[in-house]
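K.L.:
Just the structure for this:
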Amino acid sequence: MDRLTGAAPVLVDAATVAAWQGQAPAGGGSPRTGFVPAEPAPGPEALKLLDVRWTALGGGSGHAEYLCGHLPGAVYVSMDGQLSGHGGPREGRHPLPDPDRFGETVRMLGIDDGDTVVVYDDAQGTSAARAWWLLRHAGIERTFLLDGGLAAWRQAGLPLQAGDVIPVPGTARTSWGRMPVLDMDAAAALPGDGLLLDARAAARYRGDEEPLDPRAGHIPGAVSAPTSENVDARGRFRPAEELAARFRALGADGGVPVGAYCGSGVTAAHEVAALQVAGYEAALYPGSWSAWSNTPGRPVATGDRP
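P.N.:
Sure thing, here's the model as predicted:
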């Protein structure tokens, strides 16, 4: 797979968002690779912030934490209620939402055509990436991940707002299908002529443990690539060239197509985002391991090797 040229930036830093809100200067220097530049700034009414706090294991909804403090003006987004569809086990725990219904969600979140949307969480971007991916998939092109999330905002000494923010419904027109997607058969076939990355923790990839799904292990031929290695000790994305070197070492080179999956298609969006920062386009397998492991007849591999 050839490196992307002229790809839309994925990330925005806290200083830039603060400057857009009129709270602090963005600072000097050239924007880093993968980051949107501070200028031109969106108008005050064209900047929309979405809080996507959620955890897969035990924590569930992050709405209570959101109410205690969030970026000023940020609207809470529900992973299960707004960023996922509903289906049987063979569709996975977080299937993609219905396109028309998600278009309604976009408008109910207050988004208009041409808006700049910034999504964040308090989990190194692993849940916010789902919103980033879905909004890009629906044609909301100016959607960015806040690098470092809520932690970066706090570390910059920027203010928080408590309580719910209820948006005025927007008028955005969505256009579904803008990001590459793999179905189950395509994910199964991809290791034959490309690279399929498993974004879960290495222990789940090996099959040492499986806290959520009925079978432990990985899709045969998939390569272990935990999302935790996309970020540094502060929870911010590693520089583009470091990410590019990581993915090259895993096999993302030489013109091969790349896809990513995880447990239920949420954190795999973080892998897709990291690949795009590094200059590569990757397809998402939304059903991921939760769909695969619930489908009779699908083979399972265990251990360190693909």
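K.L.:
can we go C-alpha only for contacts and neighbour counts from here?
P.N.:
OK.
K.L.:
which residues in the stretch 1-150 of the chain form strands?
P.N.:
Taking DSSP state E, counting those that start in this stretch as the criterion, the stretch 1-150 of the chain contains strands spanning 11-12, 47-51, 54-55, 60-61, 75-76, 116-120, 143-146.
K.L.:
Need the winner for burial among these.
P.N.:
strand 143-146 (a mean of 28; mean count of other CA atoms under 10 Å).
K.L.:
I'd like the distance from that one to the chain centre, please.
P.N.:
Here strand 143-146 is found 9 Å from its chain centre; the criterion is CA atoms, centre = their mean, to the nearest Å.
K.L.:
And the contacts of it?
P.N.:
Strand 143-146 has contacts (CA atoms under 8 Å, 6 or more residues apart in numbering) with 9-14, 36, 116-120, 125, 128-129, 132, 135-136.
K.L.:
Recalculate using a threshold of 6 Å.
P.N.:
10, 11, 12, 13, 116, 117, 118, 119, 120 (CA atoms under 6 Å, 6 or more residues apart in numbering).
K.L.:
What's the separation between the residue nearest the centre of the chain and residue 119?
P.N.:
With distances taken as CA atoms, centre = their mean, the chain has residue 129 as the residue nearest its mean C-alpha position (1.7 Å). The spacing between residue 129 and residue 119, counted by CA to CA, to the nearest Å, is 8 Å.
K.L.:
Equivalent analysis for residue 139, please.
P.N.:
Using CA to CA, one obtains 15 Å as the distance from residue 139 to residue 119.
K.L.:
quick one on the thing from earlier: going by distance to residue 96, which of the contacts of strand 143-146 wins?
P.N.:
Using CA to CA, residue 119 is the member of those that lies nearest residue 96, at 17.9 Å.
K.L.:
Could you give the number of residues near residue 69?
P.N.:
16 (other CA atoms under 10 Å).
K.L.:
Please look at it and residue 161 and confirm they touch.
P.N.:
Yes - the pair residue 69 / residue 161 is scored as a contact, 5.1 Å apart, by CA atoms under 6 Å.
K.L.:
if we can go back for a sec, need the contacts of strand 143-146 in TSV with distance to residue 87 and pLDDT, can you?
P.N.:
As requested, the contacts of strand 143-146 are arranged in TSV below (distance: CA to CA, whole Å; pLDDT from 0 to 100):
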residue	distance to residue 87	pLDDT
10	30	97
11	32	98
12	34	97
13	36	95
116	31	98
117	28	98
118	29	98
119	26	98
120	27	98
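K.L.:
now what about stretch 130-138, what contacts it?
P.N.:
174, 175, 176, 177, 178, 179, 266, 269.
K.L.:
how many neighbours does the fourth one have?
P.N.:
Right, the one you point to is residue 177. Neighbour number of residue 177 under other CA under 10 Å is 13.
K.L.:
Need the pLDDT of it.
P.N.:
With respect to pLDDT, residue 177 scores 97.
K.L.:
in this protein, what secondary structure element scores lowest on mean pLDDT?
P.N.:
strand 60-61 (a mean of 68; mean pLDDT, DSSP states H and E).
K.L.:
where's residue 172, which helix or strand?
P.N.:
In the assignment (DSSP states H and E), residue 172 maps to no helix and no strand.
K.L.:
Hmm, residue 115 and it touching each other?
P.N.:
No - using CA under 6 Å as the test, residue 172 is too far from residue 115 to be in contact (8.5 Å).
K.L.:
For residue 164, grab the count of nearby residues.
P.N.:
Residue 164 has 16 nearby residues by other CA under 10 Å.
K.L.:
Next: residue 44.
P.N.:
Neighbours of residue 44 (other CA under 10 Å): 11.
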